[in-house]
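Undergrad: what would the 3D arrangement of this be:
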Amino acid sequence: MSQLVSLPPRQTEGSLLPEIRTRGPELSVVIPTFRERANVAIVVEKLDAALKGCAWEAIFVDDDSPDGTAAVVKEIAAVDSRVRCLRRVSRRGLAGACIEGILSSSAPFVAVMDADLQHDETLLPRMLEILKAGETDLVVGTRYVEGGNADAFSKGRGAASRFATWLSRTFTGVKLSDPMSGFFMIRRDVFDPLAASLSTQGFKILLDIVITAKGRLRVSEQAYVFGARQHGESKLDAQVALDFVGLLLTKFSGGAVTPRFLSFVLVGALGLVVHLAALDAALTLGLQFTFAYIVGALTAMTSNFLFNNALTYRDKRLTGGAMITGLLGFYAVSAVGLLTGVGTASWLYAYQPVWWLAGFAGAVMGAVWNYSMSTLFVWRVK
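TA: Sure, this is the predicted structure:
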């Protein structure tokens, strides 16, 4: 006969034994990376020097860099428990990386800084001191007050940064001197309730946080000198500017217009130009109008697919054989979208014979259909 064995009571939450309790980090520094292999070790050394006497951790959130950035982080993490790596596969974007990194932290205070060595890590102890005083929720490193500068910017990038700053302050009411800053520290208990409402697209996570908080954050600014990049290359491109405009539209529209949808519509507008150009070329070659129109439509659809794959859905980019399947799916979605738009325009024109109004409504309906179905079935964005 088997003998029953009495088991000890199951440990419940909050009843961890003293001998397995450890002191967690007081500060988590979230560092989004993409192709920053050469900078990782330097960043860790600089944090170690700047944060003496502080229980800190560095969370590198890597968007599956092809240069092996994540592998370098993991090598360091194997010998330094203060370093962690979150490797994101099939996801890309600084804002989303920052959100995931912050939410993965258990520290009461979280900083965000770039891996390109342009942010001044020696400012972190001062930022932490301000937050610990309890009268501030968010400390922003700013380049545009006395004591700070952004002379490391090229003329073009500096002008773009100043224009974006003016635009965001003018149209959102944000009072920060540097709302485009990517260098800040925030209380995690303040950030957590905002996380679900933040956009995972784009680069301007700070602006999104401040807008989403709707004036409830107590904010302090600290000047710093923006450094020059030593290794790697800047990630700023036309898509970043598009994401920024999309973020402003998202906030103004209450989420009805997203940066991805804006990009999709602009690609569609470009597709119209491609369609007309291909139609004209086909007619010049002597094709009948019906066949020429089909050639133009297929050319535009192909162009739209390629641009959307490279830009609009770059975080879900299709490669290899998946591109063929995706292209065929995009053809099917676009064909139905065309019929949907024509049906809407025809119905509205019969009810209210204003050609431009009917045409606009049909175009909007077609765009919404194409975007929704492409997101669901071609690029499968969750």
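Undergrad: touching, Ser104 and Phe60? I think so.
TA: No: the pair Ser104 and Phe60 fails to qualify as a contact (C-beta atoms under 8 Å) at a distance of 11.2 Å. For every residue, glycine as well, the C-beta is placed using N, CA and C.
Undergrad: mind listing the shared neighbours of these two?
TA: Common contacts of Ser104 and Phe60 (C-beta atoms under 8 Å, 6 or more residues apart in numbering): Arg84, Leu86.
Undergrad: between those two, which has more neighbouring residues?
TA: Comparing Ser104 with Phe60 by neighbour count (other C-beta atoms under 10 Å), the higher total belongs to Phe60, at 28 against 14.
Undergrad: partners of that one in the sheet?
TA: Using DSSP bridges, the bridge partners assigned to Phe60 are Ile31, Cys85.
Undergrad: which stretches of the chain have low pLDDT?
TA: Per-residue confidence for the chain (pLDDT under 70) gives these ranges: 1-22, 151-161, 164-165, 167-173, 202, 228-248, 251-256, 382.
Undergrad: tell me the centre residue of it?
TA: With distances taken as C-alpha atoms, centre = their mean, Gln201 lies nearest the centre of the chain, 2.8 Å away.
Undergrad: what count of nearby residues applies to Ser334?
TA: 25.
Undergrad: give me the three-state assignment for the residue nearest to the centre of the chain.
TA: Three-state call for Gln201 (DSSP: H, G, I helix; E, B strand; the rest coil): coil.
Undergrad: which positions within stretch 329-337 qualify as buried?
TA: Buried residues in stretch 329-337, counted by 16 or more other C-beta atoms under 10 Å: Gly329, Phe330, Tyr331, Val333, Ser334, Gly337.
Undergrad: how close does the closest residue to Val381 other than its chain neighbours sit to Ala50?
TA: In space, and not counting its chain neighbours, Val381 is closest to Thr375: 4.7 Å by C-beta to C-beta, 6 or more residues apart in numbering. According to C-beta to C-beta, to the nearest Å, Thr375 stands 42 Å off from Ala50.
Undergrad: which of these two has more neighbours?
TA: A side-by-side neighbour count of Thr375 and Ala50, using other C-beta under 10 Å, places Thr375 first with 20 against 16.
Undergrad: how far does the longest helix along the chain sit from the chain's center?
TA: Ranked by residue count under DSSP state H, the longest helix found in the chain is helix 321-351. Centre-to-centre, helix 321-351 and its host chain are 28 Å apart (C-alpha atoms, centre = their mean, to the nearest Å).
Undergrad: using CSV, write down the CA coordinates of the helix or strand following that helix.
TA: Following helix 321-351 in sequence order, the next helix or strand is helix 355-373 (DSSP states H and E). Extracted in CSV, the C-alpha atoms of helix 355-373 (Å, rounded to 0.1, in the frame of the first residue of the first chain):
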residue,chain,number,x,y,z
TRP,A,355,-19.3,64.1,-59.5
TRP,A,356,-16.4,65.2,-57.3
LEU,A,357,-18.3,64.3,-54.1
ALA,A,358,-19.2,60.9,-55.4
GLY,A,359,-15.6,60.3,-56.7
PHE,A,360,-14.1,61.3,-53.4
ALA,A,361,-16.5,59.1,-51.4
GLY,A,362,-15.7,56.2,-53.6
ALA,A,363,-12.0,56.7,-53.3
VAL,A,364,-12.2,56.9,-49.5
MET,A,365,-14.3,53.7,-49.3
GLY,A,366,-11.9,51.9,-51.6
ALA,A,367,-8.9,53.1,-49.6
VAL,A,368,-10.4,52.0,-46.3
TRP,A,369,-11.3,48.6,-47.7
ASN,A,370,-7.9,48.0,-49.2
TYR,A,371,-6.1,49.1,-46.0
SER,A,372,-8.3,47.0,-43.7
MET,A,373,-8.1,43.9,-45.8
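Undergrad: what sits against Asp192?
TA: Contact analysis of Asp192 by C-beta under 8 Å, 6+ apart lists Leu103.
Undergrad: can you map out the helices along the stretch 201-350 of the chain?
TA: Using DSSP state H, counting those that start in this stretch, the helices assigned to the stretch 201-350 of the chain run over residues 205-213, 238-252, 259-284, 289-307, 321-351.
Undergrad: dump those to CSV, plus distance to Leu194.
TA: Output for the helices of the stretch 201-350 of the chain, formatted as CSV (distance: least, C-beta to C-beta, whole Å):
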stretch, distance to Leu194
helix 205-213, 5
helix 238-252, 13
helix 259-284, 18
helix 289-307, 32
helix 321-351, 34
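Undergrad: for Val139, which of those helices is the nearest?
TA: Of all the helices of the stretch 201-350 of the chain, helix 205-213 sits nearest to Val139, with 11.0 Å by C-beta to C-beta.
Undergrad: got a list of contacts for that closest one?
TA: Outside helix 205-213, the residues that touch it by C-beta under 8 Å, 6+ apart are 94-95, 98-99, 112, 138, 140, 168, 172, 174, 176, 179-182, 184, 186, 190-191, 194, 197-199, 202, 217, 219, 247, 251.
Undergrad: need the buried ones from the residues you listed selected in PyMOL.
TA: This is how PyMOL selects the buried members of the contacts of helix 205-213, with burial counted by 16+ other C-beta under 10 Å:
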select buried, resi 94+95+98+99+112+138+140+168+172+174+176+179+180+181+182+184+186+190+191+194+198+199+202+217+219+247+251
